[in-house]
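Enquirer: A predicted structure for the sequence below; I have some questions about it.
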Amino acid sequence: MDIAVIIPELRKYGGAEKYLIECLRRWQDCHDITIYAIEISKKLLEEHGVIKAKLRKLTPYFEGEHGLLLNSVLLPKIWEKEIKKHDLYHTHLWPTHLLNLHPMVWVPQEPLRVINDLKFEQPLEVSNIQVSRKVHTYPKSTYDVISSKLYAANQSVISIFDKTGAPDRIVANSKYAAKYLSSVYNTEVVDVVYPGINMDDFFYQEPDENIIINVNQLWPHKRVNLLIEAMQFVENAHLYIVGEGPEKEVLIKQAQELGLSDRVFFMGNVTNEELAILYARALCAAFVPVREPFGIVALESLAAGKPLIAANEGGYTEVVNENNSFLIDPVPMKIAEKINYLVQNKNVAKEMGIAGFSTAGIYTWEKAAEQLISVIEDTYQKYQEKIVSPISEEKFMVGVDYFTWYGKGAGAAHWNDNPAYGAVNQKPLLGYYASDSGEIIKQHLTQLQNIGVDFLAANVHIDDEGLNIYQYGVTERILDIIETYNYKIKVCVQVCIFTTSFEKITKGIQEIVDNLINRKGYQTYRNKPMVWIFWTGLLDGEYETIASMKEQLEETTLLASSLRLYDKTNEEYKTFGLFDGWSLFSPLEVTYEEHREEVWNNLYHQYELGTKQIKIFTCSPGYDDTILEDPSREKNRLRYIDREDGLVFKKMLDFALDLQPSPDILKISTFNEFHENTNIEPTVQIGDKYMQILHESIQNFRKRS
């Protein structure tokens, strides 16, 4: 299975990250894994054996006073566009459940507690001007500071938006967390997969030092301050605090004020080996967070053979017991009481620690990874059974070449703006429209869908300036409209390359691959995104560039729309097996009328030369570029081919209908290329005659199919 794993950050070995990394380590040999995150520590993954996953960066957090709101409602939608198509989306932490990607299995670890059970626990920041709230959202390592004026409004908006997420399955890390999640999202959460522990990561040493170890990130709800206060009532013992966080300076100051600087030590972040040594030296572990959804610290303590003193609340209370832990009210005196008891009764500490081994051994990462992947595989299987099977993509398809370069109004871009390449002598019925007009796009889509066209091949140029951003933006807008209004017709990209710059070509294609081809409204063929290359011959023999394109577009069905004929003798040295199928952009220009059908037939039966043997035939209504003053066009012997009042177009379509074997794809060149008068779009001069001719022919093709 091709699994996308999405987590906001993967740069530290915290509880949530540990859960994911340990699972990935065990899945990577059985599944293709791609990890998406704002920050990814490759070193961290490699240290823990995750070496086969692909890594992809996501847009980073918004910062500033409005950061939390933007990260809650806007950022997930940006990520949605950056994530490619995969079989299943395995999301971790908040707000990845807001991605509209399916099937999705979400492991939240916890809901957004800042708008739920911790909504009134944010530290205040006071200035002469205003009172602000310091808000934390895991896994960020800093606060968002929000003025009190905006805080309530932010909470209200985020709370509403938070409920719009619709993962196919939610997996909790404890029964406590499952109940919590069910109440927040008003849906029953039945899947519980407890975290695990690697027993071999720890070693046992009898308690001969009075060290109390506390491991967590330093946020207010971890209540490390209670442990420091408890040390006032403990003699002959030291508290080692492992972890970092924005409350560190506050806690250091607290220890100083209480005269405990010589008995409370802040260890910062440590390596796994250093952590194991600290656990081994410790008498016990202490952990008193506010309603922790699970808390892997509990299992680490037991695996190291150390008794646990912990708050009697949260998910870890489901896996520890009275033989290995003291579960107490989170009050400094009660914490101190249990520490003093263990200091004075090291034999009890030893017995409790040894009892913890058997409990910890039940919760292995192997077991957790196996249970979670079973949920993932089951979700994928049920999703496949639930969705309506799409019509086979081996069916006959009709597409049109669609040009995205027009500006608004006569004299604007490509409407008689330049006599060499922008002159026109027909006027569309819709007027001299702008390609980026949503209303125009909707009318075009509706017209084409109504006559049975399956897809638009939107032309997007790459030249010496790079990717044409306007044409790219228009294509993106077409996708938005198709997806918003649920059009059946789709769009794909026809990349028109007019440069030999390796950098410009690869960068432009990568932009298209990253952001367009895996969208819902994008046309696929043979279960892969369909991409056309307008092949002029400019890149013939450019092995390095073609090899790069081949790699970038390996997950697509790649088709040539060529200005030149296929070279049966030397093609492998010109395009090096780049294309899955080959077609001519303008078959009317290859020969004179008396030889057309013979030449077309010969050209068509070269379909087997494409690596996937996709059979494509292109039809045009006529050709006339004589209005253009570009000197290079004078070399063309066939600058004018009369439409013959629709007869040429009809003859081509009838010829295509009679081809044996039948075409897989019929492509119309073009819908709206007005400079060469190959357009079938309705015009003031001709009306919708060519749309009607195409409609009738498509019906005949469908009947035959």
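Expert: Arrived safely, thanks for sending.

Enquirer: who's in contact with the most centrally placed residue in the chain?
Expert: Taking C-alpha atoms, centre = their mean as the criterion, I83 is the residue nearest the geometric centre of the chain, at 1.7 Å. Taking C-beta atoms under 8 Å, 6 or more residues apart in numbering, we find I83 in contact with A4, I6, Y36, R56, L58, Y89, L99, L101, N518. The C-beta positions use only the backbone N, C-alpha and C, and glycine is treated the same way.

Enquirer: mind checking how far it is from H92?
Expert: According to C-beta to C-beta, to the nearest Å, I83 and H92 sit 14 Å apart.

Enquirer: quick check: neighbours shared by those two?
Expert: With C-beta under 8 Å, 6+ apart as the test, I83 and H92 both reach I6.

Enquirer: tell me the pLDDT at I387?
Expert: According to the prediction, I387 has pLDDT 67.

Enquirer: likewise for K54?
Expert: Listed pLDDT for K54 reads 96.

Enquirer: partners of it in the sheet?
Expert: T34 (DSSP bridges).

Enquirer: one step back: narrow the contacts of I83 to those in strands?
Expert: A4, I6, Y36, R56, Y89 (DSSP state E).

Enquirer: out of those residues, who's the most crowded?
Expert: Neighbour counts for those peak at I6, which has 28 neighbours (criterion: other C-beta atoms under 10 Å).

Enquirer: quick one: it and Y13, what's the gap?
Expert: From I6 to Y13 the distance is 19 Å (C-beta to C-beta).

Enquirer: likewise S159?
Expert: 31 Å.

Enquirer: tell me the secondary structure at T626.
Expert: State at T626, reduced to three classes by DSSP: H, G, I helix; E, B strand; the rest coil: coil.

Enquirer: that older thread, now distance to N154 too, for the ones in strands among the contacts of I83, in a markdown table please.
Expert: As requested, those are exported to a markdown table (distance: C-beta to C-beta, whole Å):
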| residue | distance to N154 |
| --- | --- |
| A4 | 29 |
| I6 | 24 |
| Y36 | 26 |
| R56 | 29 |
| Y89 | 27 |
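
Enquirer: and I146, what are its phi and psi?
Expert: When quoted as degrees, to the nearest 10, the phi and psi of I146 stand at phi -120, psi 130.

Enquirer: residue contacts, it?
Expert: Counting by C-beta under 8 Å, 6+ apart, I146 has contacts E65, L68, S132, R133, V135, N154.

Enquirer: check L430 too.
Expert: I440, Q443, P682 are the contacts of L430 under C-beta under 8 Å, 6+ apart.

Enquirer: go with 10 Å
Expert: S437, E439, I440, Q443, H444, Q447, N672, E681, P682, T683, V684 (C-beta atoms under 10 Å, 6 or more residues apart in numbering).

Enquirer: need those in a markdown table (columns: neighbour count).
Expert: Formatted as a markdown table, the contacts of L430 follow (neighbours: other C-beta atoms under 10 Å):
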| residue | neighbour count |
| --- | --- |
| S437 | 16 |
| E439 | 11 |
| I440 | 17 |
| Q443 | 14 |
| H444 | 24 |
| Q447 | 18 |
| N672 | 23 |
| E681 | 23 |
| P682 | 17 |
| T683 | 20 |
| V684 | 11 |
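
Enquirer: and the residue lying closest to K346 once chain neighbours are set aside, what are its phi and psi?
Expert: Excluding its sequence neighbours, the residue lying closest to K346 (C-beta to C-beta, 6 or more residues apart in numbering) is P207, at 5.4 Å. Dihedral pair for P207: phi -70, psi 110, per degrees, to the nearest 10.

Enquirer: now G438
Expert: phi -60, psi -40.

Enquirer: what's the next secondary structure element after the one helix or strand Y180 maps to?
Expert: Element membership of Y180 [criterion: DSSP states H and E] is helix 175-185. Following helix 175-185 in sequence order, the next helix or strand is strand 191-192 (DSSP H and E).

Enquirer: neighbouring strands of whichever helix or strand comes after that next one in the sheet, and parallel or not?
Expert: Under the assignment DSSP H and E, the closest C-terminal helix or strand after strand 191-192 is strand 211-215. Strand pairing for strand 211-215, using DSSP bridges, gives strand 238-242 (parallel), strand 284-287 (parallel).

Enquirer: of all those, which one is nearest F266?
Expert: When those are compared by C-beta to C-beta, strand 238-242 sits nearest F266, at 5.2 Å.

Enquirer: min pLDDT across the contacts of I83, which one?
Expert: Among the contacts of I83, pLDDT bottoms out at N518, giving 89.

Enquirer: and the residue nearest to that one when sequence neighbours are not counted, which of the three is it?
Expert: Excluding the flanking residues, the one nearest N518 by C-beta to C-beta, 6+ apart is K85, at 3.8 Å. Secondary structure state of K85, per three-state DSSP, is coil.

Enquirer: mind putting the contacts of L430 into JSON lines with distance to I241, pLDDT and secondary structure?
Expert: Listed next are the contacts of L430 as JSON lines, based on distance: C-beta to C-beta, whole Å; pLDDT from 0 to 100; DSSP: H, G, I helix; E, B strand; the rest coil:
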{"residue": "S437", "distance to I241": "61", "pLDDT": "96", "secondary structure": "coil"}
{"residue": "E439", "distance to I241": "62", "pLDDT": "96", "secondary structure": "helix"}
{"residue": "I440", "distance to I241": "64", "pLDDT": "97", "secondary structure": "helix"}
{"residue": "Q443", "distance to I241": "66", "pLDDT": "97", "secondary structure": "helix"}
{"residue": "H444", "distance to I241": "64", "pLDDT": "98", "secondary structure": "helix"}
{"residue": "Q447", "distance to I241": "69", "pLDDT": "97", "secondary structure": "helix"}
{"residue": "N672", "distance to I241": "68", "pLDDT": "97", "secondary structure": "coil"}
{"residue": "E681", "distance to I241": "71", "pLDDT": "98", "secondary structure": "coil"}
{"residue": "P682", "distance to I241": "75", "pLDDT": "97", "secondary structure": "coil"}
{"residue": "T683", "distance to I241": "77", "pLDDT": "97", "secondary structure": "strand"}
{"residue": "V684", "distance to I241": "79", "pLDDT": "96", "secondary structure": "coil"}
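
Enquirer: switch those residues over to a markdown table; also include distance to E110.
Expert: Converted to a markdown table, those look like this (distance: C-beta to C-beta, whole Å):
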| residue | distance to E110 |
| --- | --- |
| S437 | 46 |
| E439 | 46 |
| I440 | 48 |
| Q443 | 48 |
| H444 | 48 |
| Q447 | 51 |
| N672 | 53 |
| E681 | 55 |
| P682 | 58 |
| T683 | 61 |
| V684 | 63 |
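
Enquirer: for T626, state which of those is nearest.
Expert: Checking those one by one against T626 (C-beta to C-beta), the nearest turns out to be T683, at 17.3 Å.

Enquirer: give me the distance between the closest one and N672.
Expert: From T683 to N672 the distance is 10 Å (C-beta to C-beta).
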